[in-house]
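Enquirer: my questions are about this predicted structure, shown below with the sequence.
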Amino acid sequence: MGGVGSSLTSFVFSREGLVEYTSSESVTSTFCAVRNIVNQVSYLTRTFGTHTVSRLYSLAIRHGRAVYGTFAVFATAAAFVFNWFVGHRGLFLLDQSIIFDGGWRILQGQVPYRDFLMPFGPVTFLIQAAFFRVMGVSWSATVMPAALMNAVATASVMRTTRLLTGSRLAAAFGGAITAVCFAAPFGTLWLEQTAMFFGLLTIQASVEALSVSSRVRLVLGAASGVFFVLAVLSKQNFGVLTLPLAAVILLAGGQLSKRDRLMLTLAFTMSALISAGVFLFAIRDGWENFCEYSLRVTRELARRRITPDSIRAALTFSGDAIEHQLDVAGFVCGGLCLALAFPRLSHPAFRRSTTAGVLALLIAWYRAYVQSITLNEPVNSYSLAGFGAALGLGAILGVVNIVEIRTPAYGDCEGVIVSSQGLKAICIAFVTIWGLLFSIHTGRAAWTRHVQQFDRRARFVGHVEVAGLERLVWGEPTRIKKMILHRHDLEKIVRLLKDLRVPFFVMGDSTILYALSGVSPPQPMLYFQPRQSFFPTQAADLDRRVYKALVDNNARLVIREKETFLPGVARCFQDFPHLNQWFLSSFRLVSEVGIYEIWEMVDQK
């Protein structure tokens, strides 16, 4: 054997390809104590289960492709079904009204940035409008795209993991976790999940391009660039952070020649630039609004939220309880793979696993970082956790068969601490147990609608008797801070608005009322949220725009919410002097329905 390094620990490579990690005698006694524990864990892990389990495992090995294919179909179908059921449970007015209203506006012929303002890209709302067109304006039309994304993401994770690591086990693990955690916690179409969906397709297209002919490679590279732009135009922060993941694949993945790698990178870059150019041309009539209410708001949010504290929180994974962060398991396995691979990167097994190991590290940091700067519910940022964990598991499984940790003999203690099979069993057990606990946690959060602010004591009983919401199962209680929105109150306010059929203005979160009552929104702001959809310096311009639009469109009713999920939403209208004066001088309170006040315009003589 020839040594390739020496210090406290030396790395040795044998003729048979076995990598041994040896240490000096000064630490051997400690290793021996660890060995006894590790061997016991390894033995229990490898022998756990009944004779039936062993036979099933042997069957899976002999018929691996058929078993894996069957599981992939089942996992993909289960992802769709699970999301379909949980997505129809409960209503969260703040977030879900935004998507509903945005899709409705586009269906009514309004053009993003020209006719209505928002701090995001338009992709999510265009998707919602398309499903409204096909399925009608209904709750199921906002669950369906989420369920499809959940299913496609599950299949994509399995395919990409398999390509990068060669491990069916890791791919199946990633698919099973993704089916629970990708879109199901939110349940309906949402900005972050849409961005991560196109980010996932960006990664898959880049990986697919590594092992095809030159012509197909360029097509896939171009597709990857288009998917990247779609991710950015879904949610800027989630989309932009996809770029480092794609860069690892494009610049270091596979075994491409320098020329092929350059052409692939150019295909990605050119298609991304062309796609961005097409988008900018399409919004040319609303360019100034896009710059003011999307780019400027995004820049200001980034300046406020990207801080040393947010970076520290991401690097240390301190944004949530560590046991809930499954991608940290991938981070550990990926880091271990890179540590083992570092001395022998020329070995084919190590070279293949390195890309997956690096991606496992980056995906964990990606999730931790977006969590630290978006202040979302943590479970709503876990969409790629299964992918990261699967890549880490696959990376370590790719090298574990040629790895053995060895120390010199010390008294009665043998040299080998853990064999390659023992290390493999430990890694599988580590990730599987953590994955099971994570799946229970995330699946329960999805079922109880934790992201939608329902607690575990909430009951989901009865369907909403409103056209378009017939399949929505109502959650009791549906809390709006200290107040409760009752199902019959929502039904009553929608019936009232449908009967009146006059333009109205929603002062609060319930912009879903526009679509449910069939009325086109009479003012340009998609939603009012101080320091997220607009900043104080923009209030004067926004006040003028909203006031003028309401007067021009003859808004004769104001639906004012007594309390909103974020208190600043209810209070922000006082910061618009023209709008506030118009409201106070021209309207009178005529009735109340639960959390809603109905204000009617007073006829001016």
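Expert: Yes, it's here. As the structure is a prediction and not an experimental result, all values here were calculated from the model.
Enquirer: average pLDDT for stretch 225-238?
Expert: Per-region confidence: stretch 225-238 scores 96 on mean pLDDT.
Enquirer: what does that stretch contact?
Expert: 120-124, 191-192, 194-199, 201-202, 205, 239-240, 242-243, 246, 267-273, 275-276, 279, 298, 302, 370, 373-374 (Cβ atoms under 8 Å, 6 or more residues apart in numbering). (C-beta placed from N, C-alpha, C; glycine too.)
Enquirer: filter these to the buried ones?
Expert: 120-124, 191-192, 194-199, 201-202, 205, 239-240, 242-243, 246, 267-268, 271-272, 275-276, 279, 298, 370, 373-374 (16 or more other Cβ atoms under 10 Å).
Enquirer: which of these fall in helices?
Expert: Counting by DSSP state H, those place 123-124, 191-192, 194-199, 201-202, 205, 239-240, 242-243, 246, 267-268, 271-272, 275-276, 279, 298, 370, 373-374 in helices.
Enquirer: any chance you could give me stretch 102-118 in CSV, C-alpha atoms only?
Expert: Taking C-alpha atoms only, stretch 102-118 is exported to CSV below (Å, rounded to 0.1, in the frame of the first residue of the first chain):
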residue,chain,number,x,y,z
GLY,A,102,-54.1,37.4,-8.8
GLY,A,103,-55.4,34.6,-11.0
TRP,A,104,-58.8,36.2,-11.1
ARG,A,105,-57.4,39.5,-12.2
ILE,A,106,-55.5,38.0,-15.1
LEU,A,107,-58.7,36.0,-16.0
GLN,A,108,-60.5,39.3,-16.1
GLY,A,109,-58.0,40.7,-18.6
GLN,A,110,-55.9,42.7,-16.3
VAL,A,111,-52.2,42.7,-17.1
PRO,A,112,-49.5,42.4,-14.4
TYR,A,113,-47.6,45.6,-13.7
ARG,A,114,-49.8,47.6,-16.1
ASP,A,115,-53.2,47.1,-14.4
PHE,A,116,-52.2,45.7,-11.0
LEU,A,117,-49.1,46.0,-8.8
MET,A,118,-47.2,43.3,-6.8
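Enquirer: chain center to that stretch: distance?
Expert: 24 Å (Cα atoms, centre = their mean, to the nearest Å).
Enquirer: identify each buried residue in that stretch, please.
Expert: Counting neighbours by 16+ other Cβ under 10 Å, stretch 102-118 gives 102-108, 110, 112-118 as buried.
Enquirer: do the same with stretch 465-475
Expert: V466, G468, L469, L472, V473, W474, G475.
Enquirer: let me see the ranges of the strands in the stretch 1-150 of the chain.
Expert: Ranges of strands in the stretch 1-150 of the chain, per DSSP state E, counting those that start in this stretch, are 2-3, 9-13, 19-23.
Enquirer: which stretch of helix or strand covers A222?
Expert: Here A222 is covered by helix 214-232, with elements defined by DSSP states H and E.
Enquirer: isn't R487 right next to G475, touching?
Expert: No - using Cβ atoms under 8 Å, R487 is not in contact with G475, being 9.1 Å away.
Enquirer: before we move on, the earlier item: and which of the buried residues of stretch 102-118 is nearest to F71?
Expert: Set against F71, the nearest of the buried residues of stretch 102-118 by Cβ to Cβ is G103 (34.6 Å).
Enquirer: who's in contact with the nearest residue to that closest one once chain neighbours are set aside?
Expert: Excluding the flanking residues, the one nearest G103 by Cβ to Cβ, 6 or more residues apart in numbering is Q128, at 3.0 Å. By Cβ under 8 Å, 6+ apart, Q128 lies in contact with I99, F100, G102, G103, I106, A141, T142, P145, L189.
Enquirer: tell me which of those residues is nearest to R556?
Expert: F100 (22.7 Å).
Enquirer: give me the neighbour count for the closest residue to the closest one other than its chain neighbours.
Expert: Residue nearest to F100 in three dimensions, not counting chain neighbours: I512, with 4.5 Å by Cβ to Cβ, 6+ apart. Residues near I512, counting by other Cβ atoms under 10 Å, number 24.
Enquirer: for R449, see how far away I512 is.
Expert: 16 Å (Cβ to Cβ, to the nearest Å).
Enquirer: one step back: please report how far the residue nearest to F100 lies from A540.
Expert: For I512, the distance to A540 - Cβ to Cβ - is 28 Å.
Enquirer: setting aside sequence neighbours, what's the nearest residue to G462?
Expert: Nearest to G462 is W474, by Cβ to Cβ, 6+ apart, at 5.2 Å.
Enquirer: hang on, the one you found in a strand?
Expert: Yes - secondary structure of W474 (DSSP: H, G, I helix; E, B strand; the rest coil): part of a strand.
Enquirer: my read: it touches E465, true?
Expert: No - taking contacts as Cβ under 8 Å, W474 lies outside contact range of E465: 9.9 Å.
Enquirer: roughly how far apart are S206 and A170?
Expert: Distance from S206 to A170, by Cβ to Cβ: 19 Å.
Enquirer: could you do N554 as well?
Expert: Applying Cβ to Cβ to N554 and A170 gives a distance of 61 Å.
Enquirer: who's more crowded, the two?
Expert: Neighbour tally, N554 and A170, criterion other Cβ under 10 Å: the higher count belongs to A170, 29 against 10.
Enquirer: in the chain, where is pLDDT below threshold?
Expert: 1-63, 343-349, 402-420, 604-605 (pLDDT under 70).
Enquirer: rerun at 80
Expert: 1-64, 319-320, 323, 340-352, 375, 400-424, 603-605 (pLDDT under 80).
Enquirer: contacts only, for D115.
Expert: So D115 contacts R105, G286, P524 (Cβ under 8 Å, 6+ apart).
Enquirer: my read: the first one touches F116, true?
Expert: So that's R105. Yes - under the criterion of Cβ under 8 Å, R105 makes contact with F116 at 5.4 Å.
Enquirer: who are the neighbours in contact with the nearest residue to R133 once chain neighbours are set aside?
Expert: In space, and not counting its chain neighbours, R133 is closest to L107: 6.5 Å by Cβ to Cβ, 6+ apart. By Cβ under 8 Å, 6+ apart, L107 lies in contact with A129, F132, R133, V137.
Enquirer: export those residues as TSV, with columns for neighbour count.
Expert: Converted to TSV, the contacts of L107 look like this (neighbours: other Cβ atoms under 10 Å):
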residue	neighbour count
A129	21
F132	20
R133	13
V137	20
